[in-house]
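J.: the following comprises the amino acid sequence and a computationally predicted model.
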Amino acid sequence: MAKLNLPNFLDLGILARLRRELIFYLLFLFLAWVIVFFSFPKVFPYLLYPYFGLISGKSLVFISIEEALLVVLRASFYIALALTIPLLVFRLWKALSSEFEETDKRIIRRLIFSSLLLGVAGLFTGYFLFTPIFLKIFLFFGENFESNLRIYAFLFFLLKVVLFSMVIFQLPLFFALLIKEEIITDNLYKRRKLYFWGGFYLLSVLFSPTDFFGQLLLTLFFFLFFKLSFIIARFLR
């Protein structure tokens, strides 16, 4: 398998280009943050959809005068950051692409494309699937108590779950790189299939320790990720 020939990232010319692109991105991020901040009343109901889909009639609260403003500032920043990450990746690649050989360019472009596609899939899965599942798990432990959930706590719970989902969805890319380097092979999987399934289930127990249905669902996800990684490995060649 061909190895990537990485450029010298400490070269002053490369550093100057990276600095210019980062400055451009930060300015664009600030503009996006301002736009999302003033559009937040329209965005806000969509952020609360997973909560009110499970719990109706119980509104979220804030407990200090400045908390609502801080929540809007932070939430709008994270939304703007998520929306502009593809631009950052594109600008950084534009600054560095001339330093790579053509074969390396093809592999890295495919890596970036696969990573962004998996990240978007993870975002939607975290929002529509994992968030309701985790809400059910955690609210089960509080069913004997009166809930009075802070809006700050819920929004950043949602953020952590979605971020967790986006990171988990990068696993096929990690497996694909191992397959590409022939550390994992199809023959190895066939000979050690039970070990792989056992490993997937142990991972699911760590992420969903109290919900057997959630464990089975996550085990299936890890298995599908693993099978998808063989397709991505062929795409990276």
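T.: Good, I have the coordinates. All figures in this text were calculated on a predicted structure; none of them were measured in a lab.
J.: how close does the residue sitting furthest away from the middle of the chain get to residue 52?
T.: Relative to the mean C-alpha coordinate of the chain, counting by C-alpha atoms, centre = their mean, the farthest residue is residue 144 (33.2 Å). Counting by C-beta to C-beta, to the nearest Å, the gap from residue 144 to residue 52 is 22 Å. Every residue, glycine included, has its C-beta placed from N, CA and C.
J.: and the longest helix for this structure?
T.: helix 67-96 (DSSP state H).
J.: which of the residues in it are buried?
T.: Within helix 67-96, the residues that qualify as buried are 71-72, 75-80, 82, 84, 88-89, 91-92, 95-96, counting by 16 or more other C-beta atoms under 10 Å.
J.: and for the residue lying closest to residue 158 once chain neighbours are set aside, the neighbour number?
T.: Nearest residue to residue 158 in three dimensions, chain neighbours excluded: residue 131, at 5.9 Å (C-beta to C-beta, 6 or more residues apart in numbering). Using other C-beta atoms under 10 Å, residue 131 has 23 neighbouring residues.
J.: assign residue 131 to helix, strand or coil.
T.: Reduced to three states with DSSP: H, G, I helix; E, B strand; the rest coil, the structure at residue 131 is helix.
J.: centre-most residue in the protein?
T.: In the chain, the C-alpha nearest the mean C-alpha coordinate belongs to residue 166, at 1.7 Å (C-alpha atoms, centre = their mean).
J.: tell me how far that one lies from residue 156.
T.: Taking C-beta to C-beta, one finds residue 166 at 15 Å from residue 156.
J.: okay, and for the chain, where does confidence drop off?
T.: For the chain, residues meeting the criterion pLDDT under 70 lie at 1-12, 56-57, 142-143, 147, 207-211, 214.
J.: residue ranges of each domain in it, please.
T.: Here the chain is described, according to automatic domain parsing, as comprising the domains 1-101+126-164, 170-237.
J.: what's the closest of these to residue 111?
T.: Go through these one by one with C-beta to C-beta and the one that ends up closest to residue 111 is domain 170-237, at 6.7 Å.
J.: how far is the closest one from where the chain is centred?
T.: Its chain's average C-alpha position is 17 Å from that of domain 170-237, according to C-alpha atoms, centre = their mean, to the nearest Å.
J.: and the end-to-end length of that domain?
T.: One end of domain 170-237 sits 18 Å from the other (C-alpha to C-alpha, to the nearest Å).
J.: and residue 222, what is it in contact with?
T.: 171, 200, 203, 204 (C-beta atoms under 8 Å, 6 or more residues apart in numbering).
J.: helices of this structure, start to end?
T.: Per DSSP H, the chain has helices spanning 12-38, 40-54, 67-96, 102-125, 131-141, 151-168, 171-180, 186-191, 193-207, 212-236. These are given in chain order.
J.: can you pull the contacts of residue 71?
T.: Contact criterion C-beta under 8 Å, 6+ apart gives 62, 151, 152, 155 as the residues in contact with residue 71.
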